[in-house]
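[1] could you look at this predicted model? Sequence included:
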Amino acid sequence: MKNNSVVSTKRRILGIYGKGILAAFIFALLILVILTLLITYTNISESIIPMTTSIVMLISMLISGMYTGSKLKRRGWLHGVIVGIIYMAIIIIMSWGLISDFKLEMYILYKSLIGIVASGIGGIIGVNLK
């Protein structure tokens, strides 16, 4: 009976991780579609794309950490970091598959580390939300 409780808790946590990551991807997708429309139909320069995508990624990771922390209500930093690692792993795997000349360089690793920290901070904020 105790084993079923542990399995149930693990499934619940994984479900919350999945929902947090999904919320991050939906947020990023919506913002990037809006950015695409703005660049296409206005005089906004394409030179803002790298900075804007980095900001969107950080905010989406913060959101995923906040969601996870708010649902689990304890160890928000840890759950936020775990969600951040999963999120970045998905992004890197998708990049390998979709970008022909993708290379895992130090810049990507630094960006990933900053994103994971943002997700951990989101988890801390989420735990403290009421």
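    Thanks, I have it. Residues are numbered from 1 along each chain as shown.
[2] and the biggest helix by length in the chain, what does it pack onto?
    In the chain, with assignment by DSSP state H, the single longest helix is helix 2-41. For helix 2-41, the elements it packs on are helix 49-72, helix 76-98, judged by 3 or more CB pairs under 8 Å, 6 or more residues apart in numbering; DSSP states H and E. The way it works is simple: take the backbone N, C-alpha and C, and place the C-beta from them, glycine included.
[3] quick one: which of the ones you listed is nearest Tyr17?
    Smallest distance to Tyr17 across the helices and strands packed on helix 2-41 (CB to CB): 5.4 Å, for helix 76-98.
[4] and the longest helix of the chain, how far out from the chain's middle?
    7 Å (CA atoms, centre = their mean, to the nearest Å).
[5] just the endpoints, please. Distance across stretch 96-109?
    By CA to CA, to the nearest Å, the extent of stretch 96-109 from end to end equals 14 Å.
[6] count the neighbours of the residue nearest to Leu32 when sequence neighbours are not counted for me.
    Using CB to CB, 6 or more residues apart in numbering and skipping the chain neighbours, the partner closest in space to Leu32 is Val56 (6.2 Å). For Val56, the neighbour count with other CB atoms under 10 Å is 19.
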